[in-house]
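1. Below: sequence and its predicted model.
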Amino acid sequence: MNQNYYPNSSYLNDGEQSYIENILRLNKGKMVNAYFSFPDSDAWRNKIFTGIIKEAGKDHLIIENPETKKVYMILLIYLNYVEFMDNINYKYPYVNNN
């Protein structure tokens, strides 16, 4: 892959783009409120998971609640949005047309 395509690509693997899971990976270790909706559940219709981002994959997010030490792995298909408690790391790759 042409390195000019991602001029500051040390944070991205070859071919990665700015998808939710990549942004979450860039912010591992940060405290978040992650808002999820589970339409088929009466008990967990809308749920907020508060914790530290441990990992993020293509289809899942792993969060650890620092108070309870519970670790949650949640499918991203149910994610509505993420609220960060601090500034986020976000480097959007762009195409160099030169």
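-> Ah, there it is. Numbering: from 1, shown residues only.
2. Now do the SS call for the residue nearest to the spatial centre of the chain.
-> With the centre of the chain defined as its mean C-alpha position, the nearest residue by CA atoms, centre = their mean is residue 24, 2.3 Å away. What DSSP: H, G, I helix; E, B strand; the rest coil gives for residue 24 is helix.
3. Could you report the pLDDT at it?
-> For residue 24, the pLDDT comes out at 95.
4. Just grab the bridge partners of the nearest residue to it once chain neighbours are set aside for me.
-> Once flanking residues are discounted, residue 24 sits nearest to residue 56: 3.5 Å by CB to CB, 6 or more residues apart in numbering. (Glycine included, C-beta is placed from N, CA and C.) Beta-bridge partners for residue 56, by DSSP bridges, are residue 61.
5. Is residue 56 in contact with residue 63, as I believe?
-> No: using CB atoms under 8 Å, residue 56 makes no contact with residue 63, being 9.4 Å away.
6. Any regions of the protein where pLDDT drops low?
-> Along the chain, the model assigns pLDDT under 70 to residues 1-18, 92-98.
7. rewinding a little: show me what contacts the residue nearest to the centre of the chain?
-> The contact partners of residue 24, by CB atoms under 8 Å, 6 or more residues apart in numbering, come to 53, 56, 61, 82.
8. how far away is the residue nearest to residue 78 when sequence neighbours are not counted from residue 22?
-> Excluding the flanking residues, the one nearest residue 78 by CB to CB, 6+ apart is residue 36, at 4.5 Å. To residue 22, residue 36 is 19 Å away according to CB to CB, to the nearest Å.
9. Please enumerate the helices of this structure.
-> For the chain, helices defined by DSSP state H occupy the ranges 20-26.
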